[in-house]
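**Student:** Attaching a predicted model along with its sequence, questions to come.
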Amino acid sequence: VHISILGAMEVSVNGDIANWIVPGKFVKGMGGAMDLVTSGSKIVATLEHCDKDGSSKIKNECSLPLTGTNVVSKIITDLCVFEVDLERHQLTLIELLDGTTVNDVKNATECPFEISPQLKH
């Protein structure tokens, strides 16, 4: 497996991913996500940028139990796409969804990020 695309509940600037449990909620099990994030493949996280209350799911630190640490290399949301530099713990905005502005992403993102000079609109 060269790439794994996982739905996520939260992702951090460090490339940490939380995708298997919300404390206090019933869950059948974690499935194979922990196996995938430790497989050495490229991990892409997909999620809505904000929760139903408007809080960012792209965080300085995940608040939910982690599935994996320092593993996510790309984040795809309903607003944009970030690349994650796992060594520098830095996000770079590389693409915007049609109709989304950089300001929209800044307002919806908890952690700081860089903007690629080749930003795609």
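**Tutor:** Now that the structure is in, tell me what you want to look at. Being a predicted model, the structure only gives us computed values, none of them experimental.

**Student:** the helices in this protein, which residues?
**Tutor:** All helices of the chain, identified by DSSP state H, fall at 33-37, 102-108.

**Student:** Would you single out the least confident of those helices?
**Tutor:** Sorting those by mean pLDDT places helix 33-37 lowest, at a mean of 57.

**Student:** what's the pLDDT at residue 43?
**Tutor:** On pLDDT, residue 43 comes in at 88.

**Student:** surely it meets residue 71?
**Tutor:** Yes - assessed by CB atoms under 8 Å, residue 43 is found in contact with residue 71 at 4.8 Å. Any C-beta I mention is one placed from the backbone N, CA and C, and that applies to glycine too.

**Student:** who's more crowded, these two?
**Tutor:** residue 43 (28 against 25; other CB atoms under 10 Å).

**Student:** Report the contact partners of that one.
**Tutor:** Taking CB atoms under 8 Å, 6 or more residues apart in numbering, we find residue 43 in contact with 3, 4, 6, 15, 17, 36, 37, 68, 71, 72, 73, 74.
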